[in-house]
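Asks: here you go, sequence then predicted model.
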Amino acid sequence: MLIRLPLALMAVAMMAVPALAQSRPAIAYTTANLNMRTGPGTNYPVITTVPRGGGVTVFGCTSDFRWCDAAFANAKGWVSGKYLSYGGNGAYYGRPIPNAGVYIGVPRYYNNYPIYRRPPVAVQPIRPYPRYPRRYY
């Protein structure tokens, strides 16, 4: 009885570790200047451009890891997965996210992708033309 209790607790703890690893976002670095878009595809508008070597936080990817939901600086959007390399510790450091995503526990979206809104562009106020009195000839 005394041996079974610690073994049971160890088994429960070992099952909880992969669940914790899957719920954390992954850290990745871009391998090229990368457009961040409002949705997973090139038909969505560009939010910002992530510079080469920029660190992004990956929250999840499409089922085939082609597009990843990521955050960079104060922007959140979708980036192409083939230009991301894993930046965390371990055996998969430096590998592309499509190759390492399954093993490092990146969540996958199969349906209902989050679509982000484009940030508002600063608009200059419209100044009316100065009114001059009409001249009659």
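Replies: Great, that's in hand. What you are looking at is a predicted structure, and each value in this text was computed from that prediction instead of being measured. Residues are numbered from 1 along each chain as shown.
Asks: what about residue 101, how many neighbours?
Replies: 25 (other C-beta atoms under 10 Å). All C-beta atoms are positioned from the backbone trio N, CA, C, and that covers glycine.
Asks: got it, and residue 80?
Replies: 21.
Asks: residue contacts, it?
Replies: In this structure, residue 80 makes contact with 34, 35, 66, 67, 68, judged by C-beta atoms under 8 Å, 6 or more residues apart in numbering.
Asks: for residue 32, what are phi and psi?
Replies: Torsion angles at residue 32 (phi, psi; degrees, to the nearest 10) stand at phi -160, psi 170.
Asks: state the pLDDT value of the residue nearest to residue 41 when sequence neighbours are not counted.
Replies: Distance criterion C-beta to C-beta, 6 or more residues apart in numbering; nearest residue to residue 41, sequence neighbours excluded, is residue 67 at 7.0 Å. Looking at residue 67, its pLDDT is 95.
Asks: quick check: residue 67 vs residue 81, distance?
Replies: Distance from residue 67 to residue 81, counting by C-beta to C-beta, to the nearest Å: 6 Å.
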